[in-house]
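Participant: Got a sequence here, can you model it:
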Amino acid sequence: MPVPNAPGSSPSEGGAEQQAYDAVRAVTLWYSAQITAERRAPAPDEGRIRELKAARQAALDDRAQLATADPEEAARVAAFYTARLRELTEW
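Facilitator: Now for the predicted structure:
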């Protein structure tokens, strides 16, 4: 029996909840990679690091809220983070 909210588990396979978890996860991974890259830069921009960390935390907070989200809210979160990832990666 899978452990709820453990890596690799989801509230529902293939539904809006899974899409939302996947979208939020992709965005948080993007932020984490950017934070790492900025920290490794010859002259790290501490302001950018703070902004990236705040945005990542907001995504993590939204992911935590998915545990109690109804399907409509999960679909909204999925759409928002899918669009956000597109914005972040299309520059």
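
Participant: Enumerate every residue touching the residue nearest to the spatial centre of the chain.
Facilitator: In the chain, the residue lying closest to the centroid (CA atoms, centre = their mean) is Val24, at 2.7 Å. Each residue near Val24 by CB atoms under 8 Å, 6 or more residues apart in numbering is listed here: 59-60, 62-63, 66, 77, 81. For the C-beta atoms, the positions are set from N, CA and C on the backbone; glycine is no exception.

Participant: And the furthest pair within these?
Facilitator: Of all pairs drawn from the contacts of Val24, the greatest distance, 12.4 Å, lies between Leu60 and Val77 (CB to CB).

Participant: Of the two, which one has the most company?
Facilitator: Each of Leu60 and Val77 had its neighbours counted (other CB atoms under 10 Å), and the higher figure belongs to Val77 (23 against 15).

Participant: where's the more buried one, which helix or strand?
Facilitator: helix 71-89 (DSSP states H and E).

Participant: swap in Trp30?
Facilitator: helix 16-40.

Participant: got the angle for that helix vs helix 71-89?
Facilitator: Angle of helix 16-40 versus helix 71-89, following axes from the mean of the first three to the mean of the last three CA atoms, to 10 degrees, is 30 degrees.

Participant: which non-adjacent residue is nearest the residue nearest to the centre of the chain?
Facilitator: Distances taken as CB to CB, 6 or more residues apart in numbering place Arg63 nearest to Val24, at 4.4 Å, with adjacent residues excluded.

Participant: Check Ala26 too.
Facilitator: The spatial neighbour of Ala26 that comes closest, neighbours along the chain excluded (CB to CB, 6+ apart), is Leu85 at 5.2 Å.

Participant: Please list all residues in contact with the one you found.
Facilitator: With CB under 8 Å, 6+ apart as the criterion, the residues that contact Leu85 are 23, 26-27, 30.

Participant: Quick check: it vs Ala79, distance?
Facilitator: In this view, Leu85 and Ala79 are 11 Å apart by CB to CB, to the nearest Å.

Participant: got it, and Arg63?
Facilitator: If you go by CB to CB, the gap between Arg63 and Ala79 works out to 15 Å.

Participant: same check, this time on Thr28
Facilitator: Relative to Ala79, Thr28 is positioned 17 Å away (CB to CB).
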